[in-house]
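Visitor: Curious how this folds, go ahead:
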Amino acid sequence: MIWSTDTGVERFGTFQLAGEAEGQALAFSQPLSFWGGVDAETGDIIDHSHPGLGQNIAGKILVMPSGRGSSSSSSVLAEAIRKGTAPSGILLERPDPILAVGAIVAEFLYAIRMPVVVCDIAGVASGDRIAISLGVDGRSIVSIGRRPD
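Guide: Next up, the predicted model:
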């Protein structure tokens, strides 16, 4: 699918873990816990109380206000990164040390980098095309291509 570039926007953010990623947005207004909320084997959302139940996060840019604990979410995220079932990147409205630790551990143990960015996520919708890149000043650049209607 081709997204229009003339309707896209760029936002700047702060990396919790720097990196580059590109993919289709999977956006939620509610936080998601990886511990008990995501199946690391498949990337499926398995939390029955989450509106994303049954959707798959693999290869997507996961967009949400923050993570939702538990501290064990770090290990689930790191395992999903290792298995290739994690998002290609995560955009958060608020910093989340638990998700950052999971991404950092995966980079350290498996040499796989998945960026985690804190930025303005208002207006980002599932299906938008997201590209995360590193600006010359070290900030993240989040490019959002709007999905055609």
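Visitor: okay, CA-based contacts and neighbour counts for the rest of this
Guide: OK.
Visitor: Can you list the buried residues in the top helix by length along the chain?
Guide: Ranked by residue count, the top helix of the chain under DSSP state H comes out as helix 97-110. Buried residues in helix 97-110, counted by 16 or more other Cα atoms under 10 Å: 98-107.
Visitor: Could you do stretch 77-91 as well?
Guide: Residues of stretch 77-91 classed as buried by neighbour count (16+ other Cα under 10 Å): 77-82, 84-91.
Visitor: okay if I get those residues as a markdown table plus pLDDT, secondary structure and distance to residue 126?
Guide: Output for the buried residues of stretch 77-91, formatted as a markdown table (pLDDT from 0 to 100; DSSP: H, G, I helix; E, B strand; the rest coil; distance: Cα to Cα, whole Å):
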| residue | pLDDT | secondary structure | distance to residue 126 |
| --- | --- | --- | --- |
| 77 | 98 | helix | 21 |
| 78 | 98 | helix | 24 |
| 79 | 98 | helix | 24 |
| 80 | 98 | helix | 21 |
| 81 | 98 | helix | 21 |
| 82 | 98 | helix | 24 |
| 84 | 98 | coil | 20 |
| 85 | 98 | coil | 18 |
| 86 | 98 | coil | 16 |
| 87 | 98 | coil | 13 |
| 88 | 98 | coil | 14 |
| 89 | 98 | strand | 14 |
| 90 | 98 | strand | 13 |
| 91 | 98 | strand | 12 |
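Visitor: Include distance to residue 127 when you put the residues you listed into TSV, please.
Guide: Converted to TSV, those look like this (distance: Cα to Cα, whole Å):
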residue	distance to residue 127
77	22
78	25
79	25
80	22
81	21
82	25
84	20
85	18
86	17
87	14
88	14
89	14
90	15
91	14
